[in-house]
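Enquirer: With the input below, show me the fold.
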Amino acid sequence: MCGRFVQGHDSAFYADAFQVETIRTDELPVSYNVAPTDVVYAVAEHDGERILSSFRWGLIPWWAKDKKIGARNINARAETVAEKPVFRDSLAKRRCLIPADGFYEWQRLPKGKLPHYIYAADHKPLAFAGLWSSWKEPETGDRVLSCTIITGEPDELVAGIHDRMPVILDRDNWSLWLDRSVTDREQLASLLANLTHDRLAEHPVSTLVNSVANNLPECVQPLETGAIEQ
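Expert: Numbering: from 1, shown residues only. Just a heads-up that it's a prediction; the model follows:
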């Protein structure tokens, strides 16, 4: 799964990196430890225009009675996303790119779990394949935009750390993924493939990242000793 990631830049940075025409979001605080239900930047398409907006992480389907369901939907498995009722409609009509400077996965070791920070070797932002939804709060009528990250099998680098990772889309596939006129499931499924391991890099980091209260640049810094801190 993907349970934490990093968005350490402002909206203008991601808008430029993802060739966005319009920014429709208030500025969000930078985050070195994005956690489920946080509000994050994501790129979607509307009327052929690429837009950067903000979404609550944890997809709330339009038919949900309570937004608490979103906490269970931070990830969608690539293998089943087309069949799951909670994701099926969004896969067909509402796809997005979720910018990330990198993400965290935890490696099981005899003495505990060691977090690793995984990022592009060229340090450019990654494009997670995502889905979004619009949900109406029954009591207030307010609209809540939410999103989920699609995960798949790990590449060679991540496989030594964890058995899942976010699906990362190559730049050449961004437009096709965002294009709302594309509805063929086989065509969409063909895009859900990860980068090869030689395009990613990683290093172990402090267990500071284990707590969502720790939102610091130190979360991504290499752990010199490779040991698990207490």
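Enquirer: For the nearest residue to residue 119 once chain neighbours are set aside, give me the pLDDT.
Expert: Closest residue to residue 119 in three dimensions, ignoring its sequence neighbours and counting by C-beta to C-beta, 6 or more residues apart in numbering: residue 102, at 3.3 Å. Just so you know, the C-beta spots here come from the backbone N, C-alpha and C atoms, and that holds for glycine as well. pLDDT recorded at residue 102 is 98.
Enquirer: neighbours around residue 102, how many?
Expert: With neighbours defined by other C-beta atoms under 10 Å, the count for residue 102 comes to 23.
Enquirer: ditto for residue 207
Expert: Neighbourhood size, residue 207 [other C-beta under 10 Å]: 19.
Enquirer: does it really touch residue 115, like I thought?
Expert: Yes. Distance between residue 207 and residue 115: 6.2 Å, which falls inside the contact criterion (C-beta atoms under 8 Å).
Enquirer: For the protein, just list every one of the strands.
Expert: Taking DSSP state E to define them, one finds strands in the chain at 5-7, 22-24, 31-34, 39-46, 49-57, 75-77, 95-100, 102-109, 112-120, 126-136, 143-152, 165-166, 200-204.
Enquirer: thinking again about what came up before, does the residue nearest to residue 119 have beta-bridge partners, and which?
Expert: Residue 102 has the following beta-bridge partners by DSSP bridges: residue 6.
Enquirer: Check residue 147 too.
Expert: On the basis of DSSP bridges, residue 147 is bridged to residue 57, residue 132.
Enquirer: Might you report the residue contacts of it?
Expert: Taking C-beta atoms under 8 Å, 6 or more residues apart in numbering, we find residue 147 in contact with 40, 42, 55-59, 96, 98, 130-133.
Enquirer: and which of the residues you listed is nearest to residue 4?
Expert: Ranked by distance to residue 4 (C-beta to C-beta), the contacts of residue 147 are led by residue 57 at 10.3 Å.
Enquirer: No more questions from me, cheers.
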